[in-house]
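Participant: structure for the following, please:
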Amino acid sequence: MELVRVASDELLDWCVRKLTSVGVPEDHARITADVLVHANLRGVDSHGVLRMEHYVNKIAAGGINPVPKIGVSRTGPVTAIVDGDDGLGHVVAYRAMETALELAEQHGVGVVGAVNSSHCGALSYFVKMATERNMIGVVMSNTDKVAVPYGGREPFFGTNPMAFGFPARRHPPVILDMATTTVAFGKILDHKLKGKPIPPEWGVDREGESVTDPDKVYALQHFGGAKGYGLALVVDVLSSVLFGAAYGPHVETMYAEDLSRKRKLAQFFMALNPSFFTETDAFLDTMDRMIDEIHAAPPARGFDRVLVPGEPENLTEWQRLREGIPLPEEIVRYLRGH
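Facilitator: Got it, this is the predicted structure:
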């Protein structure tokens with residue numbers, strides 16, 4: 001597959017132009033594009049601009065509202081609900097995290113539910129918003145069913161990602177953004193294309209039996225057996241049941257044949273303000289010390305050094321800012337067309 005390197009600023013402009021061409025306001029288009037390019041910069045290409053065609057098609061079919069009236073309802077001193085009016089999930093999530101940060105600024109903590117949302121992209125973007133204000137961010141989102149529960153043979157929960165962001169002073173923030181499945185389906189498809197077997201903990205067949213042949217994969221497995229499955233349930237409760245939204249097998253499929261169907265997703269956002277628990281300077285300095293000590297830990301054979309969560313993505317981002325983002329030619333052609 002031929003790859004073309006594109007500067008991040010240029011890629012962002014292409015995405016904004018593509019979204020505004022289907023009626024998305026420029027400010028909403030710029031937020032969405034920024035979330036997508038952020039994912040590509042960090043090497044999380046599965047959540048980057050390759051999703052753009054799907055969003056555009058779904059807007060055209062009526063499945064995403066290009067001009068939503070996003071509403072914010074304060075439900076208590078530190079809580080709120082953001083109604084996304086079926087808009088682009090990236091914009092809804094941005095508004096929800098902004099609201100959580102405003103509450104945490106005033107009261108030390110902010111907990112916000114986003115409802116009537118849609119796919120919001122890489123969660124790392126939104127916890128990073130918190131770290132940029134010296135706060136801790138927590139974001140969770142359920143997804144449509146794709147993984148079998150521990151001991152089961154039919155999919156129930158989705159990949160159900162969760163993300164945590166912790167600021168530091170000298171070092172970049174520690175950002176942990178992970179799904180509760182061992183891998184995404186994309187990795188299985190990649191092995192299938194290359195004719196390579198997969199590890200036994202990645203997928204199962206229709207009987208719920210672990211398989212190493214990618215052609216036989218019917219559903220994914222949660223990482224760590226019962227532990228990952230348990231965390232997937234936690235994500236579903238916090239990001240959907242808590243806000244009266246659909247859970248597990250009731251979540252609308254992202255790539256359904258009928259793109260006009262609204263997904264009605266919900267997501268969980270929390271911001272914590274360290275200054276309400278300790279001195280902010282002390283917190284940031286201790287985070288730096290922890291990171292320094294982790295870096296100083298002796299590496300195992302085959303490793304240069306021990307890294308903290310988010311560091312591999314940081315290294316990729318610095319490289320791609322210098323050299324451009326590698327993209328398949330067909331995606332570049334699609335985005336450049338207008």
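Participant: between the two ends of stretch 316-333, how far is it?
Facilitator: 24 Å (C-alpha to C-alpha, to the nearest Å).
Participant: now do the buried residues in it.
Facilitator: 316, 317, 320, 324, 325, 327, 331, 332 (16 or more other C-beta atoms under 10 Å). The C-beta positions use only the backbone N, C-alpha and C, and glycine is treated the same way.
Participant: kindly indicate which of the residues you listed lies nearest residue 268.
Facilitator: When these are compared for distance to residue 268, the smallest value, 25.5 Å, is given by residue 317; criterion: C-beta to C-beta.
Participant: which helices and strands sit right next to the helix or strand harbouring that closest one?
Facilitator: Taking DSSP states H and E as the criterion, residue 317 maps to helix 311-323. On a contact count with 3 or more C-beta pairs under 8 Å, 6 or more residues apart in numbering; DSSP states H and E, helix 311-323 meets helix 26-41.
Participant: in space, what's closest to residue 22 - neighbours in sequence excluded?
Facilitator: Setting aside the residues directly before and after it, residue 22 is nearest to residue 59 in space (C-beta to C-beta, 6 or more residues apart in numbering), at 4.8 Å.
Participant: now do the phi/psi pair for the one you found.
Facilitator: Reported as degrees, to the nearest 10, the phi and psi values for residue 59 are phi -60, psi -50.
Participant: residue 39 versus that one, what's the distance?
Facilitator: 19 Å (C-beta to C-beta, to the nearest Å).
Participant: of the two, who's got more company?
Facilitator: The residue with the greater number of neighbours, taking residue 59 and residue 39 and applying other C-beta atoms under 10 Å, is residue 39; the counts read 24 against 20.
Participant: surely the residue nearest to residue 22 touches residue 53?
Facilitator: No. Using C-beta atoms under 8 Å as the test, residue 59 is too far from residue 53 to be in contact (10.9 Å).
Participant: any idea how far the residue nearest to residue 22 lies from residue 38?
Facilitator: When C-beta to C-beta is the yardstick, residue 59 and residue 38 sit 21 Å from each other.
Participant: same check, this time on residue 283
Facilitator: Note on residue 283: its distance to residue 38, by C-beta to C-beta, is 25 Å.
Participant: got it, and residue 120?
Facilitator: The gap separating residue 120 from residue 38 is 12 Å, by C-beta to C-beta.
Participant: neighbour count winner among those two?
Facilitator: Set residue 120 next to residue 38 and count neighbours by other C-beta under 10 Å: residue 120 wins out with 26 against 23.
Participant: for that one, give me its contacts.
Facilitator: The neighbourhood of residue 120, defined by C-beta atoms under 8 Å, 6 or more residues apart in numbering, consists of 35, 89, 90, 92, 93, 114, 126, 141, 265, 267.
Participant: could you redo the last one with a cut-off of 7 Å?
Facilitator: By C-beta atoms under 7 Å, 6 or more residues apart in numbering, the contact set of residue 120 is 89, 90, 92, 93, 141, 267.
Participant: residue 61 now?
Facilitator: Contact partners of residue 61, counting by C-beta under 7 Å, 6+ apart, are 259, 260.
Participant: which secondary structure element of the chain has the lowest mean pLDDT?
Facilitator: Each helix and strand of the chain was given a mean pLDDT (mean pLDDT, DSSP states H and E); the minimum falls on helix 185-194 at a mean of 78.
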